[in-house]
Structure formats: C-alpha cells, structure tokens
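Undergrad: give the three-dimensional model of this entry:
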Amino acid sequence: QVQLVESGGGFVQPGGSMRLSCDASGFALDYYRVAWFRQAPGKEREGVVSISGSDGSTYYADTVKGRFTISRDDSKNMVYVQMNSLEPEDTAVYYCAAALEYGLDDRPIPYQYDNWGQGTQVTVSS
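TA: Predicted structure coming up:
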C-alpha cells in the first residue's frame with residue numbers, strides 16, 4: 001500500500017527557509033515520479049516541483065525556480081524540498097504526491113497523480 005506522509009511545515013518570516021519531507025512507504029522510488037503541489041485558499045492546486053525516480057531529473061515551476069530544491073534519499077525512501085527566500089505568496093498547504101513515471105509529464109499535473117499525502121501547512125508572514 002502506497003503511503004505518503006509530509007512533515008516540516010510551519011510558520012516562517014519572509015526571506016526565511018524551510019525544508020519539507022515526504023516519507024514514502026509501500027513502493028520503491030525508482031519507478032515513481034514524486035512531486036510537491038501546493039494549494040492556497042481560493043486557488044487551484046499548483047504543481048511546483050517534481051523529481052524522476054529513474055534518472056533524478058527535476059522540474060521547477062517558474063514561481064519557485066532558484067528558490068526551491070527537490071531531492072530524494074533512496075536509502076530512506078524520502079523526498080525533500082528545500083525552500084529558501086520564502087515569500088508570503090508561498091503560503092499554502094503543501095502536498096507530496098507520487099505516480100508511476102511511465103508517460104508522465106515532467107510538469108506536475110494533479111490528475112496524473114494517484115497517491116497523495118495529507119498535506120502540511122506552510123505560512124510565510126511577518
């Protein structure tokens with residue numbers, strides 16, 4: 001059974017940093033693409049970063065490029081997103097999601113992902 005559990009959310013001031021973790025169980029990362037999505041109140045769910053299970057290639061949305069870094073630790077079946085230079089616009093619930101990689105777009109699209117975590121709140125405010 002595929003299970004994803006996010007952790008690391010919380011409150012941070014603008015310009016600060018935060019690392020989110022996604023603990024993946026029940027599957028091997030090698031065959032899955034793992035993505036982080038976020039959803040702010042009143043807005044659509046947005047795919048911000050993703051990482052390939054097969055070759056480690058990554059995707060970053062323009063809104064986070066240069067500030068967020070996704071990585072994975074296969075030995076621990078963990079995926080991380082390091083978020084730097086956070087802005088109030090980054091405030092959202094962040095979700096980890098996974099899908100079998102074959103035929104998947106690099107750009108995370110919600111309907112293509114069938115395994116989701118419960119989400120973790122990130123609030124950026126002074």
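Undergrad: which residues touch the residue most central in space within the chain?
TA: The structure's the chain has its C-alpha centroid closest to Trp36; by C-alpha atoms, centre = their mean the separation is 1.9 Å. Going by C-beta atoms under 8 Å, 6 or more residues apart in numbering, Trp36 touches 20, 22, 47-50, 70, 81, 94-97, 108. For the C-beta atoms, the positions are set from N, CA and C on the backbone; glycine is no exception.
Undergrad: what's the closest of those to Ala61?
TA: Nearest to Ala61 among those is Val48, at 4.8 Å by C-beta to C-beta.
Undergrad: next secondary structure after the helix or strand containing that closest one?
TA: Assessed by DSSP states H and E, Val48 sits inside strand 46-51. Going down the chain from strand 46-51, the next helix or strand is strand 58-60, by DSSP H and E.
Undergrad: outside of that following strand, which residues touch it?
TA: The set of residues external to strand 58-60 that reach it, using C-beta under 8 Å, 6+ apart, is 35, 48-52, 68, 70, 106-108.
Undergrad: for the closest residue to Gly119 other than its chain neighbours, helix, strand, or coil?
TA: Excluding the flanking residues, the one nearest Gly119 by C-beta to C-beta, 6 or more residues apart in numbering is Val93, at 4.4 Å. Using DSSP: H, G, I helix; E, B strand; the rest coil, the secondary structure recorded for Val93 is strand.
Undergrad: who touches Val93 in this structure?
TA: For Val93, the contacting residues are 38-40, 119-122, by C-beta under 8 Å, 6+ apart.
Undergrad: try Leu29
TA: Shown in contact with Leu29 (C-beta under 8 Å, 6+ apart): 53, 72, 74, 77, 79.
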